[in-house]
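*Asks:* prediction below, plus the sequence it came from.
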Amino acid sequence: MPSETTAHVLEFPGGYTRSVGPVIGRFLTELRSGRVVGVRTAAGRVLVPPTEYDPDTGDAVTDEFVEVGPAGTVESWSWVPNPRATHPLDRPFAWALIRMDGADTALLHALDLGEEGPEPPRRLRAGLRVRPRFRAERVGSVRDIECFEPEVTMYVAPTRLEYRLHPGRALDRFLEGMSEGRILGHRCEVCDKVLVPMKGLCPMDGVPTTEEVEVADTGTVTTFAVNNIPDPRAPEVPFVSAYILLDGADVAMLALVSGIPADQVRLGMRVRAAWKPREEWGRSIGNIRWFEPTGEPDVPFDAIKDYT
Amino acid sequence: MTDIAVVAFAQTTHTAENAGLSETEMLLPVIQQVKAATGLNRFGFTCSGSCDYLEGAPFAFVSALDAVGAWPPIAESHVEMDAAWALYEAWVELKHGVVDTALVYGFGKSSQTDVAELLVQQLDPYYLAPLGPDQVSLAALQARAHLDRSGAKEDDLRAVAARSRAAGRDNPYALHLDDPAADAGYEVAPLRPHDVAPRTDGAAAIVLASGDRARELCERPAWITGIDHRADAHSPGVRDLSRSESARLAGERAGAAGVEVAELHAQFSHEELILREALGLGEDVLVNPSGGALSANPPMAAGLIRIGEAAARIHSGAARRALGHASFGPCLQQNLVCVLEGDRR
C-alpha cells in the first residue's frame, strides 16, 4: 500500500517579475491599447507574436512593427470538452493557432465558439475566420485578449409579437372539457364522423356540427415523426410527435409520445394519455403531458390506413 | 575516435499509481541491476535526467545520487530533460577518451502532480504560459494539423494505440492497458484517452562503455553508430506542426535508414505517425515492440527506455540494427535519435 501523502505547493508569492525587452514590450503595449502588432524580419516576413529573432535564421529582426488583423484565420485547433482550472475559459472551448491577417506566423489563443459539448462543433475547421475579444481592463498581457471568437456569419433576429386570442365557441367548449379531464368532439350529421377537437363545423361537408361526443383517452398511432430540435414542451431530444386516432374519434390528433425509445415507436401502436396531476390542470390541451404505450397488441395497418 | 556501446540496461516495473516509494527508493534497484550486470561499482562518469518540478523541490535530483553511492566524490552531471539527453552527454564524455564507462539514469513520478499542467512551466512565459495550454491541448493541435495534411483518420490513431497497448501487455515492465474503448470520448479533440500516454511512475538506467571495455562487460554490445539531437522553433505557431523537421534531421544524421526495429518516444498516437514519416520508417520496420510510451511513460525516463529497449534487442540477438528515439518539449519540439548495431565481427 502506498504511504500517506502530504500536500505540497510550489508558488512564487505575488508572481515572478520578468523584463520583456523592446520587442515583446511593444507587442504587449499595443495589446493594452487594443491593437495587435508583429515585427518584420530582414527577409520581409511578419512575426506575430513578435520575437527578437527570426525563427528560421536566428538573425535579429528589423525595428519595423506592423499592425495586423484584427481578423485572422485558424490554422490548427484542438477542442477541450472539460477545461482545466488553469485554462482561459471555464466552458468548453478550442485552442487555436491563428494567423492574423498580415502575419506570416500563427498565434496561440483560446477560441470561444459559444457552443458546448463533448464533440468539436462542426464549424471548427482550419480556415475559420476569427477575431480577438479584448478585455475592457487591459494590463499588457497576452491575456488582454480574453479569447478569439468567430467572425459574424449569422444574425439571430428577435421575433416576438403579442396576441390576445379567443379560441372560439367550439374550441372553448373543448378546453372546458379538458379542464375536467374529458376529451370532447362533435359528430357530423352528414358523414357521421366524430371530429376531435371540434370546430363547430365539419370541414368535409361544410355544415355546422353541434352533437357533442366524449371520446376515450386511449388511441392508436397513425403516423409519427422523430424530432431532433428541442421544443419548450419537449426539451429532451429526440422526442416523438404523432398523430393519434383516439378511440371513438374519426380524425387523428397531434400529440407527443413518450415512455418508449424514439426508435421503437411504430404505426398501429396503442397509446394512452398521460395526464398531468389534477391540480395542474387548466383550460389547455397541455393537461395531457403526452401519450404512452398501453402494451396492447398493435392495430393492423389496414384498420388505420385511411388515417395515415 | 573510440566506439561506444550500451552494455547494460535496466528498468523498473512501472506503475500507474504511486507505489509508496520515494524517487530514490524507486531508482535504487535499477542502479543495482546494471551494477550487477556489468560487475562495476564505480563509473568514469555519471549523468542523470530528471525534473525537479515533478517533486516541487529545487535540486531534487541531487538526492537521487544517494542511490548511486557518490563517496568518494564522483564525476557527475545532470540534465533537466529526459535521460536520453543525459546519455548524449555521457556519450560526448566517453568520446573524449578520458574515461571508458558511464552510468546514465532517469526517473520520474507523474503520480505526484498533474504533469500535463506542470509542462506549461516549460513554455515561453510571455505568449504561451499565461494562457495555460497544457501538454495534451498542445499535442491535440499537432494531431489536428497532421490529420488535416496527411489525410490520416482518427481510426489510424486508434490503431496505433491498440497495437501499442497489445504489445505493452506482452512487456512485463509496461502497464497492462485494455484495448481502446469503442465509445471513448475526447480528452482534447481529436485525441481520446487511449491516444494519450498513461500517467506512470518509473526509472531506468543504462551503462555505456567504450572500445574493448564494452566487449569485456557485455557479450553483445549495442554499438552506437549514430546519435544526434535537433530542436525545432519553440512556438507552435512558427513551424509546420504537421511534420517534424527536427526528427527528420536527427534521423538523417544518426543514420536511421535500414533499421529493423525502432523504439519511438511517441507520447501521443499521432506522434508515431509523424515520427515514422520523419524517420522514413517503412512498413517492414518493427515499431515499439515494447508497447512504447503509450504503454508506460515514466517522465524523464521514457526516452532513455526507448534506447534501452532498442539495445536490449541487440543484446539478445533479436536485431542487428535498431533505433531508439526520445522527444522533449511541446509538440515534439526536440528529438534525439540513437542508432545501435550489433557487433560487426
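*Replies:* Structure's in. What do you need? Numbers count the residues shown, from 1 in each chain, chains lettered A, B, ... in the order given.

*Asks:* show the pLDDT at the residue lying closest to A:Pro55 once chain neighbours are set aside.
*Replies:* Nearest residue to A:Pro55, sequence neighbours excluded (Cβ to Cβ, 6 or more residues apart in numbering or on different chains): B:Ala233, at 3.9 Å. Bear in mind the C-beta positions are built from the backbone N, C-alpha and C, glycine included. Here, the pLDDT recorded for B:Ala233 equals 94.

*Asks:* quick one, what contacts residue 131?
*Replies:* Chain wasn't specified; assuming chain A. A:Arg131 makes contacts with A:69-72, A:148-151, as judged by Cβ atoms under 8 Å, 6 or more residues apart in numbering or on different chains.

*Asks:* meant chain B, my bad for not saying
*Replies:* Shown in contact with B:Leu131 (Cβ under 8 Å, 6+ apart): A:87-88, A:108-110, A:142-143.

*Asks:* looking at those residues, which are in strands?
*Replies:* Mapping the contacts of B:Leu131 onto strands (DSSP state E) picks out A:108-110.

*Asks:* quick revisit: hmm, which two among the contacts of A:Arg131 are most spread apart?
*Replies:* Spatial extent of these (Cβ to Cβ) is set by the pair A:Gly69 and A:Pro150 at 14.2 Å.

*Asks:* ok, how many other residues are close to B:Ala189?
*Replies:* 23 (other Cβ atoms under 10 Å in any protein chain shown).

*Asks:* the residue nearest to it when sequence neighbours are not counted: what secondary structure?
*Replies:* Spatial nearest neighbour of B:Ala189, excluding adjacent residues (Cβ to Cβ, 6+ apart): A:Trp79 at 3.6 Å. Look at A:Trp79: counting by DSSP: H, G, I helix; E, B strand; the rest coil, its state is strand.

*Asks:* mind listing what the closest residue in space to A:Glu52 that isn't next to it in sequence touches?
*Replies:* Among residues not flanking A:Glu52 along the chain, A:Val23 sits closest, at 4.8 Å (Cβ to Cβ, 6+ apart). A:Val23 makes contact with A:39, A:50-52, A:61, according to Cβ under 8 Å, 6+ apart.

*Asks:* need the contacts of B:Leu131 in CSV with distance to A:Ala273, can you?
*Replies:* CSV is the format used below for the contacts of B:Leu131 (distance: Cβ to Cβ, whole Å):
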residue, distance to A:Ala273
A:His87, 48
A:Pro88, 50
A:Leu108, 57
A:His109, 54
A:Ala110, 49
A:Val142, 60
A:Arg143, 56
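
*Asks:* in terms of residue numbering, what are the domains of the chain?
*Replies:* Went with chain A since none was named. A:21-150, A:169-307 (automatic domain parsing).

*Asks:* wait, chain B was what I had in mind.
*Replies:* As assigned by automatic domain parsing, chain B contains the domains B:4-114+B:199-224, B:133-198+B:225-341.

*Asks:* hey, where'd the helices end up in chain B?
*Replies:* Remark: helices assigned in chain B by DSSP state H are B:23-38, B:60-64, B:83-96, B:115-118, B:135-150, B:154-169, B:211-217, B:245-254, B:269-279, B:302-315.

*Asks:* what does the second one rub up against?
*Replies:* It refers to helix B:60-64. B:23-24, B:27, B:48, B:50, B:52, B:54, B:78, B:80, B:105, B:107.

*Asks:* now do 7 Å
*Replies:* Helix B:60-64 has contacts (Cβ atoms under 7 Å, 6 or more residues apart in numbering or on different chains) with B:23-24, B:27, B:48, B:50, B:52, B:78, B:107.

*Asks:* who in the stretch 51-200 of chain A is up against chain B?
*Replies:* Residues of the stretch 51-200 of chain A that fall close to chain B, judged by Cβ under 7 Å from any Cβ of the partner chain: A:55, A:76-81, A:84, A:86-88, A:95, A:97, A:105-110, A:118-120, A:126, A:141-143.

*Asks:* deepest of the helices of chain B, which one?
*Replies:* With neighbours taken as mean count of other Cβ atoms under 10 Å in any protein chain shown, these reach their highest mean count in helix B:302-315, at a mean of 28.

*Asks:* convert the C-alpha atoms of that helix to CSV, please.
*Replies:* This file holds the C-alpha atoms of helix B:302-315, laid out as CSV (Å, rounded to 0.1, in the frame of the first residue of the first chain):
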residue,chain,number,x,y,z
ALA,B,302,10.7,7.0,-21.1
GLY,B,303,13.1,8.4,-23.8
LEU,B,304,16.1,6.6,-22.2
ILE,B,305,14.0,3.4,-22.0
ARG,B,306,13.5,3.6,-25.8
ILE,B,307,17.2,3.5,-26.3
GLY,B,308,17.5,0.7,-23.7
GLU,B,309,14.7,-1.4,-25.3
ALA,B,310,16.5,-1.0,-28.7
ALA,B,311,19.8,-2.0,-27.2
ALA,B,312,18.2,-5.0,-25.4
ARG,B,313,17.1,-6.3,-28.8
ILE,B,314,20.7,-6.3,-29.9
HIS,B,315,21.9,-7.7,-26.5
